[in-house]
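**Student:** here's a sequence, model it:
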Amino acid sequence: MNPIKSLFVIAALTISSFAMAEGGGDRSFARMEAARNNSMESYQVAQTQSSQPPVAESQAKAMDHKNC
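**Tutor:** Down below sits the predicted model:
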């Protein structure tokens, strides 16, 4: 009787782990990966079309220069 109970416990834990393994994480990750690929392609197209490189400017520096 005791080995049968342990077998049922092991089977229940195994089945529950298979049921909980599929979640929304895989779909979310796939969407994030697709969005990243899309944005990288857009960025590369924009880089090939523009003649000057992008320049990042800090808001703090811009504010300091206006106060002088």
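**Student:** now do stretch 16-23, average pLDDT.
**Tutor:** Mean pLDDT, computed over stretch 16-23, is 64.
**Student:** then stretch 28-46?
**Tutor:** Rounded mean pLDDT across stretch 28-46 is 91.
**Student:** for that stretch, buried residues please.
**Tutor:** Using 16 or more other C-beta atoms under 10 Å as the test for burial, stretch 28-46 gives no buried residues. C-beta coordinates here come from the backbone N, C-alpha and C atoms, glycine included.
**Student:** C-alpha coordinates for it, PDB please?
**Tutor:** Below are the C-alpha coordinates for stretch 28-46, written out as PDB (Å, rounded to 0.1, in the frame of the first residue of the first chain):
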ATOM      1  CA  SER A  28       5.900  37.300 -24.400                       C
ATOM      2  CA  PHE A  29       9.500  36.500 -25.200                       C
ATOM      3  CA  ALA A  30       8.700  35.800 -28.800                       C
ATOM      4  CA  ARG A  31       6.900  39.100 -29.100                       C
ATOM      5  CA  MET A  32       9.800  41.000 -27.500                       C
ATOM      6  CA  GLU A  33      12.200  39.300 -29.900                       C
ATOM      7  CA  ALA A  34      10.100  40.200 -32.900                       C
ATOM      8  CA  ALA A  35       9.800  43.800 -31.700                       C
ATOM      9  CA  ARG A  36      13.500  44.100 -31.200                       C
ATOM     10  CA  ASN A  37      14.300  42.700 -34.600                       C
ATOM     11  CA  ASN A  38      11.800  45.100 -36.200                       C
ATOM     12  CA  SER A  39      13.300  48.100 -34.400                       C
ATOM     13  CA  MET A  40      16.800  47.000 -35.300                       C
ATOM     14  CA  GLU A  41      15.900  46.800 -39.000                       C
ATOM     15  CA  SER A  42      14.200  50.200 -38.900                       C
ATOM     16  CA  TYR A  43      17.300  51.700 -37.200                       C
ATOM     17  CA  GLN A  44      19.600  50.200 -39.800                       C
ATOM     18  CA  VAL A  45      17.500  51.500 -42.700                       C
ATOM     19  CA  ALA A  46      17.400  55.000 -41.100                       C
END
